[in-house]
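Q: here's my sequence, what's the structure:
(chains A and B)
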Amino acid sequence: MDFSALLGGFATALTPENLLFAFIGCLVGTLIGVLPGLGPTSGIAILLPLTTILEPIPAIIMLSGIYYGAMYGGSTTAILVNIPGEVASVPTAMDGYKMARNGQAGPALATAAISSFVAGTISLLGLTFFAPTLAGWALHFGPPEYFALMILALSVVVNLTGRSLVKGLLAGVLGFLIAMVGMDPMTGYNRFSFGSTDLMAGIDFISVIIGLFAVSEIISTLESAAVEMYKAKLDRLYLSAKEIIQLMPTMLRSTVVGFFMGLLPGCSPGVTAFLAYDVEKRISKNPENFGKGEIRGVAAPEGANNATTSGGFVPLFSFGIPSGPALAVLLGGFMMYGLQPGPTLFEKNSDFVWAVIASMYIGNVMLLVLNLPLVGLWAKLVRVPYAIMAPMVLVFSFIGAYSVRNKMSDVVIAVIFGLIGWIMRKVDIPTTPLILCLILAQIFETSLKQSLSMQQGNLGIFFTRPISATLIAVSAILVIASLYTRIKHPEKAAAALAEDSQ
Amino acid sequence: MSTNGTQQQISVYKKTDFKVGLFFLIFSVFVISAAGNMPKEMPGVSFGPGVMPYWLGIAMAILSVLLIIQSFSKKNKDVPEFSKEEVIGVGGIFLLLLIYMGAMDYIGFALDTFLLVTIISRKLGKYAYWKCALLGALTGGITVYFFRILLDMPLPIGLLGF
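A: Numbering: from 1, shown residues only, chains lettered A, B, ... in the order given. I've put the predicted structure just below:
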């Protein structure tokens, strides 16, 4: 662990420009988290192309801020109006809303914010130590190891397939095929372009992401109406020192659960929040209080989902493996800037990666300061009718798609994929495997070709090199474990995976 | 839920899965045939540009057949179903968006966006026309000011010059 690199990261992150974009990211993330129907995935998707005017560091600082900011924001509406802004805040609503009904909205919100802050900060320490170590280990990778890494990343697809494994895999194959459109990077041959000059340049994944996540989400929720806000008294927006000390074991446990589960590909905040809630309930002396306004029922899921957001950055930075939909979109953002998350990121783009990590520490403090005083404002935003919000978000999505290459054809693609995304939701096909495969397809094909060229087309190369063999074995174990869970506990697995996949 | 209702829902689900499987099967045939015309070998690379699409087409065909088979035996309670109203509603929005994109080069981004936002907010919220028009004007004006003027983004300018 190189402390001077981290200090250098803080020096970069503390420049006025980067502080401003960290603040904007946290603010927009909280707003997105607060608003039901808009998630961090679609939020990042909409804003990703608009960041092309920025340098990579402020852009990724802002987009990361949106991701972890949304986790904070989701709890506000869960507690005040029983509408979780995010899947990860569903367990928070179970006790948080009851606390609000009992006149304890202030302490519930304070618990959510403080637990998020504590878990977020501790897990950032984990990210600071784990990510460079793993990346350093992975520096010896050649094409076969990269290919094996892609296999490991694609094994996540099994965890993101929702209720039907077959449909999820079909979505993955479709993602691969979309990536095949246009010029083959190694041979220059045009595939599936049918003479169209627009298609020869390939289908830009940003337009696909905007279509599948933002446009289709708006189409899907157009019927949503304004919700009635419970008129909770928002006094005592703080916890006493004694209360914090009493809650500390819960916060620490949820941090451990959230962070370490977050390291696993496919395990996203939506899953770990439920796990931490369950763990807390199991070890509680009064489990019957859970679901009736138990303060630990707020602290545990909020701590876990924030710890997982930081944990998810470990495989993303070290191996280029996104553990969930929002990080898959963020991975697209890295690639848009020509940055390849993975073993070489810490070596080639050290300034960038340490500035982003340092900005997360700063962002956590910003979120704590931002959330408690503005909680009343956030709660009121839920009442903005979708009829007003939807057309504005649509326009921003189109500008986002247009801004990548200044071509209307990208907007057309976004709209077409908006419709495809809506149909996929209706027929229960998850969209995340499609995006993940679309993003990884090119590296997958290139590393496969390079690897096979190294040994005259012999597939044995992947099993004779220790690292690639290990990674393929780990992928196989992860896939088998996922399939086992599906077979052994089909209802439980399907529920968690379905919630998580969208 | 009544037994009849459940049976009807499962039946709808089966039909949906069957149709999805059939669609992907037809699509996979198209992919395989298109990939068949691409070179499988090329000098200097271990395999040609047609190999990956071909095998992806095969994988899609196998998965489609599996989905069709599952559709005959699946007992799933959650039922996605397209209602006529929903299809008309989404179809209308899709058509509106196509018109929005088609009209962009002629009437320009500002006026086009004003019309889109006004129409959607009126359709969804049933607010007074002047309120919808105000929202449309604000959205169009703010986005043009921010993206075209401040950020120098070349948003389309129509025949009217704005």
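
Q: go ahead and flag the most central residue of chain B.
A: For chain B, the residue nearest the mean C-alpha position is residue B:94 (8.3 Å; Cα atoms, centre = their mean).

Q: and the closest residue to it other than its chain neighbours, what element?
A: Nearest-residue entry for residue B:94: residue A:419, 5.4 Å, with adjacent residues in sequence omitted and distances by Cβ to Cβ, 6 or more residues apart in numbering or on different chains. For the C-beta atoms, the positions are set from N, CA and C on the backbone; glycine is no exception. Element membership for residue A:419, per DSSP states H and E: helix A:408-426.

Q: tell me the contacts of residue A:98?
A: Taking Cβ atoms under 8 Å, 6 or more residues apart in numbering or on different chains, we find residue A:98 in contact with A:291-293.

Q: list the contacts for the residue nearest to the centre of chain B?
A: A:415, A:418-419.

Q: now residue A:396
A: Each residue near residue A:396 by Cβ under 8 Å, 6+ apart is listed here: A:46, A:50, B:143.

Q: my read is that the first one contacts residue A:398, right?
A: No - here residue A:46 does not reach residue A:398: they are 9.7 Å apart, not a contact under Cβ atoms under 8 Å.

Q: could you find the closest non-adjacent residue to the residue in chain B that chain A sits nearest to?
A: Closest to chain A within chain B is residue B:125: 2.9 Å, counting by Cβ to the nearest Cβ. Spatial nearest neighbour of residue B:125, chain neighbours left out: residue A:387 (2.9 Å); criterion: Cβ to Cβ, 6+ apart.

Q: and for residue B:63?
A: residue A:170 (4.9 Å).

Q: low-confidence regions, chain B specifically.
A: Chain B contains residues with pLDDT under 70 at B:1-14, B:74-81.

Q: hang on, residue A:472 packs against residue A:148?
A: Yes - the pair formed by residue A:472 and residue A:148 meets the contact definition of Cβ under 8 Å, at 5.1 Å.

Q: between the two, who's got more neighbours?
A: Legend: neighbour count by other Cβ atoms under 10 Å in any protein chain shown for residue A:472 and residue A:148, higher for residue A:148 (25 against 20).

Q: which SS state does that one fall under?
A: Here residue A:148 is recorded as helix under DSSP: H, G, I helix; E, B strand; the rest coil.

Q: now do the SS call for residue A:161.
A: Quick answer, by three-state DSSP: residue A:161 is coil.

Q: mind telling me what element the residue nearest to it when sequence neighbours are not counted is part of?
A: With Cβ to Cβ, 6+ apart as the criterion, residue A:161 has its nearest non-adjacent residue at 2.2 Å, and that residue is residue A:168. Assigned by DSSP H and E, residue A:168 belongs to helix A:165-180.

Q: following element in sequence after that helix, please.
A: Using DSSP H and E, the helix or strand that follows helix A:165-180 in sequence is strand A:182-183.

Q: before we move on, the earlier item: list only buried entries from the contacts of residue A:98.
A: residue A:293 (16 or more other Cβ atoms under 10 Å in any protein chain shown).

Q: in strands, which of the contacts of residue A:98 fall?
A: Among the contacts of residue A:98, no member falls in strands (criterion: DSSP state E).

Q: of the contacts of residue A:98, which is the nearest to chain B?
A: residue A:291 (24.1 Å).

Q: packing partners of the longest helix along chain A?
A: The single longest helix within chain A, with elements called by DSSP state H, is helix A:105-137. The contact analysis (3 or more Cβ pairs under 8 Å, 6 or more residues apart in numbering or on different chains; DSSP states H and E) places helix A:105-137 against helix A:56-81, helix A:90-101, helix A:241-262, helix A:296-319, helix A:345-348, helix A:350-371.

Q: ranking these by burial, who's on top?
A: Each of those was scored by mean neighbour count; the highest is helix A:296-319, a mean of 32, by mean count of other Cβ atoms under 10 Å in any protein chain shown.

Q: next helix or strand past it?
A: With elements assigned by DSSP H and E, the helix or strand that comes after helix A:296-319 is helix A:325-336.

Q: who's in contact with that following helix?
A: Helix A:325-336 is touched from outside by A:39-41, A:44-45, A:48-49, A:51-52, A:59-60, A:63-64, A:67, A:70, A:160, A:205-206, A:209, A:213, A:268, A:312-313, A:316, A:320, A:322, A:340-341, A:404, A:431-432, A:435-436, A:439, A:500-502, with contacts defined as Cβ under 8 Å, 6+ apart.

Q: run the last query once more with 7 Å
A: In this structure, residues lying in contact with helix A:325-336 by Cβ atoms under 7 Å, 6 or more residues apart in numbering or on different chains are A:40-41, A:44-45, A:48, A:60, A:63, A:67, A:205-206, A:209, A:312, A:316, A:320, A:322, A:341, A:432, A:435-436, A:439.

Q: output that helix as CSV, nothing but the C-alphas.
A: The C-alpha trace of helix A:325-336 is given here as CSV (Å, rounded to 0.1, in the frame of the first residue of the first chain):
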residue,chain,number,x,y,z
PRO,A,325,-25.8,-3.1,-13.2
ALA,A,326,-24.7,0.3,-12.0
LEU,A,327,-21.0,-0.7,-12.0
ALA,A,328,-21.4,-2.3,-15.4
VAL,A,329,-22.5,1.1,-16.7
LEU,A,330,-19.7,2.8,-14.8
LEU,A,331,-17.3,0.3,-16.5
GLY,A,332,-18.7,1.6,-19.8
GLY,A,333,-17.8,5.1,-18.6
PHE,A,334,-14.2,4.1,-17.9
MET,A,335,-13.9,2.6,-21.4
MET,A,336,-15.4,5.8,-22.9
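
Q: any idea of the angle it forms with helix A:56-81?
A: Inter-element angle recorded for helix A:325-336 and helix A:56-81: 160 degrees (by axes from the mean of the first three to the mean of the last three Cα atoms, to 10 degrees).

Q: could you give the angle of helix A:325-336 to helix A:241-262?
A: Here the directions of helix A:325-336 and helix A:241-262 differ by 70 degrees (the same axes, to 10 degrees).

Q: quick one: contacts for residue A:204?
A: So residue A:204 contacts A:404-405, A:410 (Cβ under 7 Å, 6+ apart).

Q: ok, so what distance separates it from chain B?
A: 16 Å (Cβ to the nearest Cβ, to the nearest Å).

Q: the residue nearest to residue A:175 when sequence neighbours are not counted - how many residues pack around it?
A: Counting by Cβ to Cβ, 6+ apart, residue A:175 lies nearest to residue A:437, which is 3.2 Å off, once chain neighbours are set aside. For residue A:437, the count of nearby residues is 25 (other Cβ under 10 Å).

Q: if anything else comes up later, I'll come back, but that's it for now.
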